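Trainee: Requesting a structural model of the entry that follows:
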Amino acid sequence: MASSPIPALKVLEQSTVSPPNSSVPETSIPLSFCDLMWLNLNNVERIFFYSIPAISTSHFVKHLLPSLKTSLSLTLQHFFPLAGHVIFSPNSDCGKFQYQYKDGDSISFTVAESDRDFTHLAGDDARSVIELESFVPTLAAVSADATPLMAVQVTVFPSQGICLGLTINHGACAYVWTCQVWARGLPSNQVAWLGFLVNAKRVGEILGRVIDGLGDGVLRDVVDAWVEMGKIVKYERPLLVLGSPGFRFYDSDFGCGRPVKVEVVSLKNTEAMSISEGKGGGGIGIGMTAPKMEMEMFSFEFAEGLDQLLHSF
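Mentor: Here you go, the predicted structure:
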C-alpha cells in the first residue's frame, strides 16, 4: 500500500446487532495463558471487497442489510462471547481477565456510502493506507475495564459493490479457534495431549558429542555470539509474517459471491507482511505496507528479481 486525500464517506446508519433475545446465557470465560499474550497486540483490521455492479444504496438498505443483520445475529447465537467484552476483574473467582457476555450485549454495526473508485481500491496496485482506513470500523473501549471484541462496517459503492470491514480484538481471534475445537465434539473424558515428536535420546547423544568436542573457550565464544546477536536483533527492524493461506478468506461468500479482494489494513501498525491464499484459487497473496518511495523501490526490485528467476529456467 503506498498518500492521497482522505476519501469522502457518508455514514448512513449506526446500530448494534445482538444474539436473539434470551437465546444465550450470561457467561464469563476466563482467558487462558495462551489468550492473555494477545491482549496487548493491535486489533485485527480486515476488509473484504465484493463486486456487485447493479447495486444501489436504496436496494442494499432495503433488501440486503436486513438479511446481513439477521445472519449476524443468528451467528452470534453460537459465538455469543464475540458480542461481549474482555473485562478486567481482579477480584473475580473466574480470573482477572475474562470474556464476559451479558444479555443485551451487542456488536457495533455501521453502514456507510462511498463514491470512491471501487476498482482502484480493490485492485492489486499500491494504494494509500489512508484510502482504506475509512472502511474499517472503530472498536472503542466502553470503559477502562471493558473492551469490546468486534465491530462491523459495510460500505456501499453505488453501481460498483460493497466493502465489508471487520475489526476484531486479537484475543477474540484466539477464542474463535478454541470454539472450533469445542465444536468438533472432543469427549469430555478424553485426555488431550500437545506433543512434539522428537527422538530426545538421539538429540542428546548428538549434542553431547558436539559439546565434548568443544573447549570451554570455544563454547563461551558461541554463547557470547548468541548474546550479541540478540542485541542486534533487538534494535534492528524485525520482519514479521502474519496470516496463512489456510485461512481461506476468499471463500467468505455472504450471498453475493466470493470477494474480489481481501486486505489486512492493520498491517499499518506493524513491521509485518501478510500471507493469504491467492484470490484466483491458486498461489498465495502477499500484503505489505511501506512509505511510498520505499514501496516503489520494492515493486521495482521484486519485478526485476522475479523476471530474472523466470528466465533462469
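
Trainee: Next up, the contacts around residue 119.
Mentor: Contacts for residue 119 were tallied using Cβ atoms under 8 Å, 6 or more residues apart in numbering; they are residue 160. Just so you know, the C-beta spots here come from the backbone N, C-alpha and C atoms, and that holds for glycine as well.

Trainee: Model confidence at it, what's the number?
Mentor: pLDDT recorded at residue 119 is 95.

Trainee: Would you mind putting the CA coordinates of the one helix or strand it maps to into PDB?
Mentor: Using DSSP states H and E, residue 119 sits within helix 118-121. This file holds the C-alpha atoms of helix 118-121, laid out as PDB (Å, rounded to 0.1, in the frame of the first residue of the first chain):
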ATOM      1  CA  PHE A 118     -14.100   0.600  -6.200                       C
ATOM      2  CA  THR A 119     -11.900  -0.900  -8.900                       C
ATOM      3  CA  HIS A 120      -8.900   1.100  -7.700                       C
ATOM      4  CA  LEU A 121      -9.500   0.300  -4.000                       C
END
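
Trainee: Can you list the low-confidence ranges for this protein?
Mentor: Judged by pLDDT under 70, the chain has its weakly predicted residues at 1-8, 92-95, 173-200, 203, 211-220, 222-223, 226-227, 229-238.

Trainee: center of it - which residue?
Mentor: By Cα atoms, centre = their mean, the chain has its centre lying nearest to residue 44, at 3.9 Å.

Trainee: nearest spatial neighbour of that residue, skipping sequence neighbours?
Mentor: residue 168 (4.7 Å; Cβ to Cβ, 6 or more residues apart in numbering).

Trainee: is the one you found in a bridge, and if so with what?
Mentor: residue 44, residue 150 (DSSP bridges).

Trainee: quick one, what contacts it?
Mentor: Residue 168 is in contact with 43-44, 46, 139, 149-150, counting by Cβ under 8 Å, 6+ apart.

Trainee: before we move on, the earlier item: list the buried ones in the helix holding residue 119?
Mentor: 118, 121 (16 or more other Cβ atoms under 10 Å).

Trainee: chain center to that helix: distance?
Mentor: From the chain centre to the centre of helix 118-121 is a distance of 22 Å (Cα atoms, centre = their mean, to the nearest Å).

Trainee: What's the first helix or strand after that helix?
Mentor: Downstream of helix 118-121, the next assigned helix or strand under DSSP H and E is helix 129-133.

Trainee: Now do the buried residues in that next one.
Mentor: Neighbour-count burial for helix 129-133 flags 129, 131-133 (criterion: 16+ other Cβ under 10 Å).

Trainee: how far out from the middle of the chain is that helix?
Mentor: Remark: helix 129-133 is offset 16 Å from the chain centroid, using Cα atoms, centre = their mean.

Trainee: What is the following helix or strand past that helix packed up against?
Mentor: Going down the chain from helix 129-133, the next helix or strand is strand 146-148, by DSSP H and E. Judged by 3 or more Cβ pairs under 8 Å, 6 or more residues apart in numbering; DSSP states H and E, strand 146-148 is in contact with strand 85-88.

Trainee: and the strand it packs on, which strands flank it?
Mentor: Strand pairing for strand 85-88, using DSSP bridges, gives strand 97-101 (antiparallel), strand 146-148 (antiparallel).

Trainee: looking at those strands, which is closest to residue 118?
Mentor: strand 146-148 (28.8 Å; Cβ to Cβ).

Trainee: Let me know how buried residue 60 is, in neighbour terms.
Mentor: Using other Cβ atoms under 10 Å, the number of residues around residue 60 comes to 19.
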